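1. Sequence first, predicted coordinates after that:
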Amino acid sequence: MNPIREAALFGACLIALTCAPVAAAQEAGAMYASGQPEEARADPFAIFVPTNDPIRHRIDYEIWDFALKNIVISMGPSTRSRPYAETPPMGTRVRQGHNSRYRLEGSMVSFSSFQTETIESFAEYRRDLESVGDKLDISSLPRNEQLAFWINLHNVALMEKIAAEWPVRQPHRIEVDGVLLDSAKFITVAGVPMSLKDIRERIVFANWKSPKVIYGFWRGEIGGPALERMAYTGNNVGSLLDLAAEDFVNSLRGTQKRGDQLDVSRLYTEAAPFYFPDFENDLRAHLAEYANEEVAEILAETGMVRASIAEQDIADLSGGSRGANYLNGSSSGSRPGIPPGAALLLVQRERKLEVLRREEVPTGRVIFSNIDLPGDPPNKNAVE
């Protein structure tokens, strides 16, 4: 099915509550927010430090998973080459959609297909996720369950705000009550107001040792980690983060060679205080874990590391614009109701995938979920 048409189904399904089993969590005495210890009052984020004795509850993200499969278009593995320039339609010099060299990497969201009900459903779903913190102690869940919760909440909240502001070219410029989106405290869990940046840095980066958690957080930008087409869960979070890391490290938006210099994404400087204190050596060791043969050669051939790669344009199929011929189709071959820029990008994507198929390069992905067996310790497969 066409993913753009499928998105129309999303609004009717997104509003369902996703926490399960709530009753069991309530029996576990999860209504804890009003009784915070003194250290938590001094640092409100202290209540989210994972405990050493987790309870075996899980959160079900079936609705979010369904939504992602219908609104996210994977662009396939990076070819580490610049896409061919496209000629504007006859009679115009206007180029619609993306012209970023990274437009055929990562994933794109079909924002142009969202109806008003769809956009409103994101806000309702975000509030449903926030309410999980009122029903159970997030810190007492198994570590992978906690990690999946924070990643999904972050990405849902970001999707909500971008969808409400669309069309927009650069998500980082969006403001919430006069505060830039990344720093705006519009999310509240267990009575603690927090921003997207707080979730990443004060909760996840502060409490997880593995730098692969970086790749779970979608930024809404072409230059950032891809938004996956499935929800993170306690079972798949480790494997899915590995795949996300491999995708990003081996893409042009992650690593490039310029002379004898290794250029990397600016996102690594944000994470440096937590994961790369000896920036060049620590980052090189991390990149080497996920590098394919080509990138491994780049690591071996380069000296100085410079965090210089960035692309802040929106990861939107149509480039953050409705397009001049949105309602009536266009001479570029788009169908009615699909922005010309989106139609053009889909054509480019198909050309790229066809080349990869002819070269017998795998374009699909296999996800292995970690299965807990009776008697296994609760954190057997935990991401550090």
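-> Yes, it's here.
2. which helices and strands does the helix or strand containing residue 119 pack with?
-> Using DSSP states H and E, the secondary-structure element containing residue 119 is helix 116-135. Contact analysis of helix 116-135 by 3 or more CB pairs under 8 Å, 6 or more residues apart in numbering; DSSP states H and E lists helix 10-13, helix 22-27, helix 143-165, strand 187-189 as its packing neighbours. Bear in mind the C-beta positions are built from the backbone N, C-alpha and C, glycine included.
3. These: which one's closest to residue 296?
-> Comparison of the helices and strands packed on helix 116-135 against residue 296 by CB to CB identifies helix 143-165 as nearest, at 27.8 Å.
4. residues of that closest one that come out buried?
-> Using 16 or more other CB atoms under 10 Å as the test for burial, helix 143-165 gives 143-163, 165.
5. Could you pull out the strands in this protein for me?
-> With DSSP state E as the definition, the chain shows strands at residue ranges 72-74, 107-109, 175-176, 179-180, 187-189, 192-194, 255-258, 261-265, 305-309.
6. Could you single out the most deeply buried of the ones you listed?
-> Each of those was scored by mean neighbour count; the highest is strand 107-109, a mean of 24, by mean count of other CB atoms under 10 Å.
7. Which residues does that one contact?
-> Contacts made with strand 107-109 from outside it, assessed by CB atoms under 8 Å, 6 or more residues apart in numbering, are listed as 71-75, 159, 226-229, 315-317, 345.
8. how much space between residue 201 and residue 267?
-> Note on residue 201: its distance to residue 267, by CB to CB, to the nearest Å, is 12 Å.
9. The two: which has the busier surroundings?
-> Counted by other CB atoms under 10 Å, residue 201 and residue 267 do not tie: residue 267 has more neighbours, with 22 against 16.
10. residues in contact with that one?
-> Residue 267 makes contact with 214, 219, 223, 224, 225 under the criterion CB under 8 Å, 6+ apart.
11. which residues does residue 264 contact?
-> The contact partners of residue 264, by CB under 8 Å, 6+ apart, come to 254, 255, 256, 283, 287, 305, 306, 307, 308, 309.
12. go with 6 Å
-> When contacts are counted by CB atoms under 6 Å, 6 or more residues apart in numbering, residue 264 is found next to 255, 307.
13. Dig out what it forms beta bridges with.
-> In this structure, residue 264 has beta-bridge partners residue 255, residue 307, where bridges are defined by DSSP bridges.
14. Look up how far residue 283 lies from it.
-> Per CB to CB, residue 264 is found 7 Å from residue 283.
15. Which pLDDT value does the model give the nearest residue to residue 310 once chain neighbours are set aside?
-> Distances taken as CB to CB, 6 or more residues apart in numbering place residue 266 nearest to residue 310, at 4.7 Å, with adjacent residues excluded. On the pLDDT scale, residue 266 is placed at 98.
16. With the one 4 residues further on instead?
-> Among the per-residue scores, residue 270 shows a pLDDT of 96.
17. swap in residue 136?
-> The predicted structure scores residue 136 at 92 on the pLDDT scale.
18. Can you report how many residues lie near it?
-> Taking other CB under 10 Å as the neighbour definition, residue 136 ends up with a count of 25.
19. tell me the phi and psi of it?
-> Listed backbone geometry of residue 136 is phi -150, psi 160, with angles given as degrees, to the nearest 10.
20. roughly how far apart are it and residue 149?
-> For residue 136, the distance to residue 149 (CB to CB) stands at 10 Å.
21. So, low pLDDT: which residues of the stretch 1-150 of the chain?
-> Across the stretch 1-150 of the chain, the stretches falling below the confidence threshold (pLDDT under 70) are 1-41, 84-96.
22. Please read the previous query as pertaining to the stretch 201-350 of the chain.
-> The model of the stretch 201-350 of the chain has pLDDT under 70 over residues 324-337.
23. Going by residue numbers, what spans are helices in it?
-> Along the stretch 201-350 of the chain, counting by DSSP state H, counting those that start in this stretch, helices occupy 206-207, 237-249, 267-275, 279-290, 293-301, 340-358.
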